[in-house]
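[1] Can you look at this prediction? I've put the sequence above it.
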Amino acid sequence: MNISFRINGTNKNVDIKPGELLYDVLKSIGISSVKKACETSSCGVCTVLLDGRPIASCSYLAAKAHGHEITTIEGVSREAEILGSLMNSEGAIQCGFCTPGFMLTVIAMKRELQNPDEQAIKNYLVSNLCRCSGYEGQLRAVKLYMEVPQ
Amino acid sequence: MRDSISKPITRVDAADKLSGAACYIGDMRLEDMLYAKTLRAAEPRAKLISIEYPELPEGYFVVDKRDVPGENRVKMLIDDQPFFAEEVVNYIGEPIALIVGKDKEVINKLLEDIKVEYERLQPILCIDNITAPPIYGENDSFADYSLNKGDLQKARAGAAYVYEGIYETGYQEQFYMEPQGVIAEFKEGKVSIYGSIQCPYYVKNAVVSCLGSAPEDVRIVQAATGGAFGGKEDYPSLLAGQAACAAIKAGKPVCLLLDRNEDLEATTKRHPAKITLKSYIDESCRILGLEADIALDAGAYAGISGVVLQRAMFAAAGVYNIENLSIRGKAIATNKAVSGAFRGFGSPQAFFAIEMHMEHAAKAIGIDPLQYKLSNLVKQGDRSTTNGILRDKILLPEMVDRVLEMSGFTEKRKSFKTERAVGALKGIGLSMFFHGCGFTGNGEQDHIKAKVRLTKDIHDRVEILIANVEMGQGVQTTMRKIAAAAMELPIDSIIFANPDTDRVPDSGPTVASRTTVIVGKLVYDAALKLKEKWQAGAASEVEEQYKYPQGFEWDNDSFSGDAYTNYSWGVNAVEVELDPITYESTIKGVWTVFDIGNPIDDRLVRGQIDGGIVQGLGYASMEVMENLQGRFRQRTSTDYIIPTAMDIPEIKSELMCEPFKYGPYGAKGLGELTLVGAPIAYALAVENALSINIDTLPVRPEHLMEVAADGNGY
């Protein structure tokens, strides 16, 4: 079957197999930044934005993306640069495997929430696992990022 | 005074990781690459009677024991583990064969249609009272060691108090975010392996032996590695051998990338342990002697269990000066996945046992546990467990004072007692621990003999050629800093690519908190040599090889002497509050002081501390992995729970610095130390909150409820 969606601002037509998952389709069209780690939508590594909201591409039917806008880290370069620089200075990067999915979740959070408190931030990030950083550097960077003027 | 080298710089790998450009195994696409998936044993112990494969479509292959051209044994300390099962299987998840082909769905369908007939054998599923025939050797142990120091008889004779306890710890899964994977390519008689790995030369040796090929016909290249924590120390050797056989048979590159559930079921984990301690204490509360019996559940094959066991044994007396010791250790073979390396490598189990034991002994005698611990602390000039001299100053008393101050420990112990009287379950605990840095025993000087090379090109760029890998800890940044500082060069004139065994000498594996202190010092020494012979515009090369520092001694037969050349130290405090109905805990605060010598980069050090502490808190509180009848109950990431951002408060950390004179800029080891103390401090905090004794990790709310319901308080 054929589906069409927008990926990082560009229209894309793709032939997919029934039951094919969005992660695999994104990989097949050369989006290498998307990673996969659990296959059960519980770790957040495969996060992409669907119409601006974070979803787990490892468990999302590609067919459901038909007619929607998909954004990966390649599509948010301005925001990623600001957030990335804070993650850098706060020591939030280690193995890097969770980094793109984590950043997309944070970028979506900033667009969605106004002045969230620490608990609201942690709530939003609860599905993005990181095994290296202990979340400390990440949370410091996120708090600073949330204060950056839009 | 900190050296200027401690000032943080931008991680050299940050840009690629932030943009998503870093290329992990799952991102690599070689031309005509095929995929492989593993047929795994469904029985914990059985004879393989027959395997019936479905008809394979063209371009699909079965790869099994018949396709191993060399030795069908993974080259390790004891070569007992087959790449592909032969007559028997010894754990659920053990690889029997690979199905290889282009389409993953077709592969999955083929796997479903394979019929394996087993004849069940009686499995060994626990480490006590084994009745089934042994899996390994006569007494079912991969290692069975004794260590004696002083004369325990004297301690027994002089004891006013004798205290005995049994301490148990469970499995812990490394849960690196990137599952294990390798790609094998066979071109013009040469196999190349790209892998998510910690130890390129371990993989190389295993593949050479598997293929029976010449060393120059095997090349190992590290891909971007998404976390490892010990889990990618030995297991990748197995995957690489299997993928190499598959690539040769198929004549095309083969990607063998595990799913999370396979990774949880089949790869190595932290050894469960049962540790019995008996201490002999005199009238003045000095510990005269300690008897220890350490049993590790090693799983079905030897792996590196013998070395894990040594580290556990050498840590059995904790940070205490005990003159008379008798320590027995066994790594017991069971029909479960192979236990292996995980940050701490035997010492989290041993330190948990001794710290809880000390606490409980003091309570039983009726004295203050912290005073009891402090009055028995080891200090500079004392002898280690193995009778080595502790040469450097030990800052533990100062570190304890600082953690007490930072955490408000003493006041909280008092005020929580009052609050507990009205039903608030609050507690705070404190732990003291060390980590011996570098390989245990004779590893560095007799086995690894690390070698490093620096080359300088005509543009005056210097390349660091070592086999150690960036896996998140920041080695690409710290090594560049060390070399740049030694040669007084800008950091961007130093190159350090992911290791490729065709280019780098064997500087040893990226394990044992050895990379900075051992390999970093060799890079430093080589850099000084290169600086000395520096000629602008001319290419040159220098090498350095590890030399055992003068004055240190080790005898591996009697386990006596300096088991390590240097020690890092830690003191942690954790505060918890428990829900009075569910006994679920909330971690209210974490305070740490570490002595890791001079830090090479404060920000990277902080990252290691935060990450290790949180892994330790997971180990203590929520990471449950149970094996029932040979099958792990937790086989997906929704069953095996690791900490999230919600579970962790701000961690307050400080460093104190006793430099190691043979470390680069006085640095000592760091990575593993950070995991050791938090689980203990957590358990002691819960113990404090509930006025009970805890002797098991993880501390599970349902157990606390049972204890509370029994009225079994201390």
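    In hand now; what should we look at?
[2] Not counting sequence-adjacent ones, nearest residue to whichever residue of chain A sits closest to chain B?
    Among the residues of chain A, residue A:33 lies closest to chain B, at 2.4 Å counting by CB to the nearest CB. Heads up, the C-betas are built off the backbone N, CA and C, glycines and all. Excluding its sequence neighbours, the residue lying closest to residue A:33 (CB to CB, 6 or more residues apart in numbering or on different chains) is residue B:20, at 2.4 Å.
[3] which regions of chain B sit below the pLDDT cut-off?
    Chain B contains residues with pLDDT under 70 at B:1-3, B:711-714.
[4] circling back: isn't the residue nearest to residue A:33 up against residue A:72?
    Yes: the criterion here is CB atoms under 8 Å, and residue B:20 meets it with residue A:72 at 7.3 Å.
[5] Could you tell me which residues touch both of these two?
    Residues touching both residue B:20 and residue A:72 comprise A:33-34, A:100, with contact defined as CB atoms under 8 Å, 6 or more residues apart in numbering or on different chains.
[6] Which ones among these lie within helices?
    When DSSP state H is applied, the shared contacts of residue B:20 and residue A:72 are split such that residue A:100 fall in helices.
[7] how about the nearest residue to residue B:521, chain neighbours excluded?
    residue B:664 (4.7 Å).
[8] For the one you found, give me its contacts.
    With contact taken as CB under 8 Å, 6+ apart, residue B:664 is in contact with B:482, B:516-517, B:520-521, B:523-524, B:600.
[9] Please determine how far it is located from residue B:330.
    Residue B:664 sits 37 Å away from residue B:330, going by CB to CB, to the nearest Å.
[10] for residue B:168, same thing?
    15 Å.
[11] Just want to know which of these two has more residues nearby.
    Set residue B:168 next to residue B:330 and count neighbours by other CB atoms under 10 Å in any protein chain shown: residue B:330 wins out with 21 against 16.
[12] Next up, phi/psi of the residue nearest to residue B:521, please.
    For residue B:664, the backbone dihedrals are phi -70, psi 120 (criterion: degrees, to the nearest 10).
[13] secondary structure class for residue B:639?
    Reducing the assignment to helix, strand or coil with DSSP: H, G, I helix; E, B strand; the rest coil, the entry for residue B:639 is coil.
[14] Spit out the contact partners of it.
    When contacts are taken as CB under 8 Å, 6+ apart, residue B:639 is in contact with residue B:633.
[15] For residue B:617, see how far away it is.
    19 Å.
[16] Would you map out the domains in chain A?
    Domain assignment for chain A, taken from automatic domain parsing, gives A:2-74, A:76-147.
[17] Those domains: which one's closest to residue B:46?
    The minimum distance between residue B:46 and those falls on domain A:2-74, with 28.2 Å, by CB to CB.
[18] Now the closest one: average pLDDT?
    Across domain A:2-74, pLDDT averages out at 97.
[19] thinking again about what came up before, would you point to the one among the domains of chain A that's packed deepest?
    When you average the neighbours per residue for each of the domains of chain A (mean count of other CB atoms under 10 Å in any protein chain shown), domain A:76-147 leads with a mean of 21.
[20] now the end-to-end length of that domain.
    18 Å (CA to CA, to the nearest Å).
[21] residues from the stretch 1-150 of chain B in reach of chain A?
    For the stretch 1-150 of chain B, the residues found near chain A under the criterion CB under 8 Å from any CB of the partner chain are B:8, B:10-11, B:13-14, B:16-24, B:26-27, B:105.
[22] what number of residues lie near residue B:423?
    Applying other CB under 10 Å, we find 7 residues neighbouring residue B:423.
[23] Thought residue B:580 was touching it, still the case?
    Yes: with contact defined as CB under 8 Å, residue B:423 and residue B:580 form a contacting pair (5.9 Å).
[24] Could you pull up the residues touching the closest residue to residue B:84 other than its chain neighbours?
    Counting by CB to CB, 6+ apart, residue B:65 is the residue found nearest to residue B:84 once chain neighbours are left out, at 4.3 Å. Neighbouring residues of residue B:65 by CB under 8 Å, 6+ apart: B:72, B:82-86.
[25] again, 10 Å this time
    B:48, B:72, B:82-87, B:96-97, B:245 (CB atoms under 10 Å, 6 or more residues apart in numbering or on different chains).
[26] of these, buried ones?
    The neighbour-count test (16 or more other CB atoms under 10 Å in any protein chain shown) applied to those identifies B:48, B:72, B:82-85, B:96-97, B:245 as buried.
[27] CSV for those residues, including secondary structure?
    Output for the buried ones among the contacts of residue B:65, formatted as CSV (three-state DSSP):
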residue, secondary structure
B:48, strand
B:72, coil
B:82, coil
B:83, coil
B:84, coil
B:85, coil
B:96, strand
B:97, strand
B:245, helix
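[28] The helix or strand hosting residue B:16 - contacts with which helices or strands?
    Mapping residue B:16 onto the secondary structure by DSSP states H and E places it in helix B:14-19. Based on contacts counted as 3 or more CB pairs under 10 Å, 6 or more residues apart in numbering or on different chains; DSSP states H and E, the elements that helix B:14-19 packs against are helix A:77-89, helix A:99-112.
[29] Any chance of those helices in a markdown table with mean pLDDT and distance to residue B:508 as columns?
    As requested, the helices and strands packed on helix B:14-19 are arranged in a markdown table below (pLDDT from 0 to 100; distance: least, CB to CB, whole Å):
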| stretch | mean pLDDT | distance to residue B:508 |
| --- | --- | --- |
| helix A:77-89 | 97 | 30 |
| helix A:99-112 | 98 | 28 |
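[30] out of the ones you listed, nearest to residue B:311?
    Comparison of the helices and strands packed on helix B:14-19 against residue B:311 by CB to CB identifies helix A:99-112 as nearest, at 32.1 Å.
[31] Tell me where chain A has strands.
    Along chain A, counting by DSSP state E, strands occupy A:2-7, A:10-15, A:47-50, A:53-56, A:69-71.
[32] Cool, thanks, talk later.
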